[in-house]
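Novice: Structure, please.
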Amino acid sequence: MTRLIALTALCAAFGLNTTNALMAQSGGAALEALDAQLPGELANDPSRIDWESYGADLVASAVVDPNIPGGGAARRFEVRRADEFIYAAGTNLPTTKSIRRGEDVTIGFYARTIEAQTDNGKGILRVRFQKNEPPYPGFGEETLEIGREWEWYEVNAKAEMGLRPKDGIVAIQFGRTRQILEIGQAIIVTGATSILSGAKPPPPGPLNLPSPLELPEALRGVGTLLNNPGNRSWNFEAPGGSYEVREDETIWLGRATRLTSLNGPEGAPKIVAKLPIEGRIEEGDVLVIAVAAKTVQSAFDDGKARLEIYVETGGGEAVRFAQSRIAVTDNWQLVRLKTRAPVAIPIGGAQLILQLRNPDQTLDIGPVYFLKSEE
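Specialist: Next comes the predicted model:
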């Protein structure tokens, strides 16, 4: 359902008919509805922007803002040190259909530059259609200058080789310039030389989704998102417990992580989940932590599992703050905590800790939101 709503917003942003998407009952049907309105054939899933990113000096983070065209969410890429080669840092957009040799393939996306160490202040990126396996053969390389305002960019090429869904990607590379770029949702089509035929889509209206990086209504306007709620690649320690990622259509984004505490060392946490925090935090920043959670089973008399939450910084002098212990009901609830950062924290320098210390508890954790308040 999340993908359906995200695609509906995307259709609206591009001035397309959303009737079929609104009536669709699944993400696949919504993709088909969008495909029917685009030139050529849709070759990716535009509702996803959780693309694979790489680069030793690259920091990728989530950005949510209803003013971002094409869906209200984007990925921010900060290249902290320029490399000799542009392919030293980048992001890969997977294709979902075969691209045949000789046919047209086109990608279109919104992008803007936050800052760039170039003569004109514009960011630099290169688009390349390729195989995502050594020696990474590809075609259609084109280098673009990205301006300071949101604009629509397109790159078209004749396929010089076939690409399959299992290894076909569009590589967007930007490692040769120290810069901060934002790239919004993207559309890839085959069989067409342009997606919008030179017409710029109108900006979207107010969003009513959650997309993979969107906020539930209770958190809109609270602040800037510093993590990716759709990312469930957490780190776990389970000396006396277990964890499992599950599909769950009853909660935003449709997935939950089930934490179960059993027996373990006395007094020590039985199961610990560590969630990465993206984005820079300054000393004194007001932070809001929101965790969607519900109790599945608990040995406590009131039937509520006890979830412990805190933030921990890395480095030699680790700092722990925002420590809380919360009794969670057996219905989904959005647990909210407000705290103030006691120290400055660099990008990627902290993680949010969720843990169960008492045995015989099972808790489902839905999306987790870590925001820097704009108060």
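Novice: Can you name the residues in contact with stretch 157-172?
Specialist: 44, 87, 90-107, 125-133, 137-140, 142, 183, 186, 188, 190 (C-beta atoms under 8 Å, 6 or more residues apart in numbering). Heads up, the C-betas are built off the backbone N, CA and C, glycines and all.
Novice: Also stretch 75-88?
Specialist: 49, 51, 53, 55-63, 89, 91, 114, 117, 124-126, 143, 171, 173-183, 347.
Novice: Pull out the buried positions in stretch 116-136.
Specialist: Neighbour counts using 16 or more other C-beta atoms under 10 Å place 116, 122-132 of stretch 116-136 among the buried residues.
Novice: Over to stretch 39-57?
Specialist: For stretch 39-57, by 16+ other C-beta under 10 Å, it's 39-40, 42-49, 51, 53, 55.
Novice: could those residues go into JSON lines alongside distance to R320?
Specialist: Output for these, formatted as JSON lines (distance: C-beta to C-beta, whole Å):
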{"residue": "P39", "distance to R320": "54"}
{"residue": "G40", "distance to R320": "53"}
{"residue": "L42", "distance to R320": "47"}
{"residue": "A43", "distance to R320": "46"}
{"residue": "N44", "distance to R320": "41"}
{"residue": "D45", "distance to R320": "39"}
{"residue": "P46", "distance to R320": "40"}
{"residue": "S47", "distance to R320": "37"}
{"residue": "R48", "distance to R320": "34"}
{"residue": "I49", "distance to R320": "32"}
{"residue": "W51", "distance to R320": "32"}
{"residue": "S53", "distance to R320": "29"}
{"residue": "G55", "distance to R320": "30"}
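Novice: Helix or strand for S194, just tell me which one.
Specialist: Using DSSP states H and E, S194 is not contained in any helix or strand.
Novice: shouldn't it be in contact with W152?
Specialist: No: counting by C-beta atoms under 8 Å, W152 is not a contact partner of S194; they are 10.7 Å apart.
Novice: just the strands in the stretch 101-250 of the chain please.
Specialist: Taking DSSP state E, counting those that start in this stretch, the strands of the stretch 101-250 of the chain run over residues 104-116, 123-131, 138-146, 151-158, 168-173, 179-190, 223-225, 235-237, 241-247.
Novice: and the longest one, what does it pack onto?
Specialist: Using 3 or more C-beta pairs under 8 Å, 6 or more residues apart in numbering; DSSP states H and E as the contact test, the elements touching strand 104-116 are strand 123-131, strand 138-146, strand 151-158, strand 179-190.
Novice: and if you look at the last one?
Specialist: Helices and strands in packing contact with strand 241-247 are listed as strand 255-261, strand 271-276; criterion 3+ C-beta pairs under 8 Å, 6+ apart.
Novice: For burial, what's the neighbour tally of N235?
Specialist: For N235, the neighbour count with other C-beta atoms under 10 Å is 11.
Novice: Do you know the pLDDT at the closest residue to it other than its chain neighbours?
Specialist: When the adjacent residues along the chain are set aside, N235 lies closest to K274, with 4.2 Å between them (C-beta to C-beta, 6 or more residues apart in numbering). pLDDT recorded at K274 is 94.
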